[in-house]
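# one predicted model, sequence on top.
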Amino acid sequence: ETGVTQTPRHLVMGMTNKKSLKCEQHLGHNAMYWYKQSAKKPLELMFVYNFKEQTENNSVPSRFSPECPNSSHLFLHLHTLQPEDSALYLCASSQDRGGQETQYFGPGTRLLVL
Amino acid sequence: GQNIDQPTEMTATEGAIVQINCTYQTSGFNGLFWYQQHAGEAPTFLSYNVLDGLEEKGRFSSFLSRSKGYSYLLLKELQMKDSASYLCAVRDHDYKLSFGAGTTVTVRA
């Protein structure tokens, strides 16, 4: 149990669908992150939220839309995705985005776009 | 930007020692992390180095040389459960983490 949960764990969607990924952290952290992990490639940072404010958008296409209603919850809204968006999407949290704080990861949502 | 290199795969025998090297070229440095990721699971934190030298945590140790842009993760007394991917990550002055592609370690009996 890492303290960071993600739902769903697996998702298959068509290119015209709209779906949302959910992340919840139970660690009292203030910063939350979305990463994309493709096979044999490094984790790619997508978005960073610190105290509910988006502080980083790493040139992510607009078909990915994040939402952070509070410090414990983070969503990633998906629409009109492409097959190359198939990957493992990982959520992480840390006490703050600075200092020596370690990021704690959720188990990820494995997404397949058909 | 960051350029982080680590070997793709390593194989070792149960009870042995394996050293995973990581080299990096960065526009700024504010710490280096090692994570372990079992297949289908979340990456879990192993170690953090920000100053030169060796950090030891039980069977795992991590070393950093900032002048050489080099780190290694040392796994001693290997166990079957250590079979996993090991991720090297560098944090820059904006506190962004950049990850290497990971090293898959296979432990054989």
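Alright, I've got the coordinates.
# pairing partners for whichever strand or helix holds residue B:33, with directions?
Assigned by DSSP states H and E, residue B:33 belongs to strand B:32-37. Strand B:32-37 has the following sheet partners, assigned by DSSP bridges: strand B:44-49 (antiparallel), strand B:84-91 (antiparallel).
# which other residues reach the shortest one?
Strand B:44-49 is contacted from outside by A:2, A:100, A:102-105, B:31-37, B:55, B:57, B:60-64, B:71, B:73, B:86, using CB atoms under 8 Å, 6 or more residues apart in numbering or on different chains. From N, CA and C alone the C-beta is placed, and that goes for glycine too.
# how much space separates the most centrally placed residue in chain A from chain B?
Geometric centre of chain A, nearest residue: residue A:34, 2.9 Å, by CA atoms, centre = their mean. Separation of residue A:34 from chain B (CB to the nearest CB, to the nearest Å) stands at 12 Å.
# can you give me phi and psi for that residue?
When read as degrees, to the nearest 10, the backbone of residue A:34 gives phi -110, psi 130.
# quick one: contacts for it?
Neighbours of residue A:34 in contact, by CB under 8 Å, 6+ apart: A:23, A:45-47, A:66, A:74, A:76, A:89-91.
# neighbours of residue B:76, how many?
The number of residues packed near residue B:76 is 15, by other CB atoms under 10 Å in any protein chain shown.
# correct me if wrong: it contacts residue B:19.
No: the criterion here is CB atoms under 8 Å, and residue B:76 misses it with residue B:19 at 9.8 Å.
# and stretch B:57-65, how far out from the chain's middle?
9 Å (CA atoms, centre = their mean, to the nearest Å).
# just the element for the closest residue to residue B:9 other than its chain neighbours, please.
Nearest non-adjacent residue to residue B:9, counting by CB to CB, 6 or more residues apart in numbering or on different chains: residue B:104, 4.9 Å away. Here residue B:104, judged by DSSP H and E, is contained in strand B:103-108.
# partners of that strand in the sheet?
As defined by DSSP bridges, the strand partners of strand B:103-108 come to strand B:9-13 (parallel), strand B:84-91 (antiparallel).
# reformat those strands as TSV; add mean pLDDT and mean neighbour count.
Shown next, in TSV, are the strands paired with strand B:103-108 (pLDDT from 0 to 100; neighbours: other CB atoms under 10 Å in any protein chain shown):
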stretch	mean pLDDT	mean neighbour count
strand B:9-13	97	13
strand B:84-91	96	24
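# could you report the pLDDT at residue A:98?
Predicted confidence (pLDDT) for residue A:98: 61.
# which one of the strands paired with strand B:103-108 lies closest to residue B:97?
With CB to CB, the closest approach to residue B:97 among those belongs to strand B:84-91: 4.8 Å.
# so is the helix or strand following the closest one next to chain A?
Later in the chain than strand B:84-91, the nearest helix or strand by DSSP H and E is strand B:97-99. Yes: contact of strand B:97-99 with chain A (CB under 8 Å from any CB of the partner chain) involves B:97-99.
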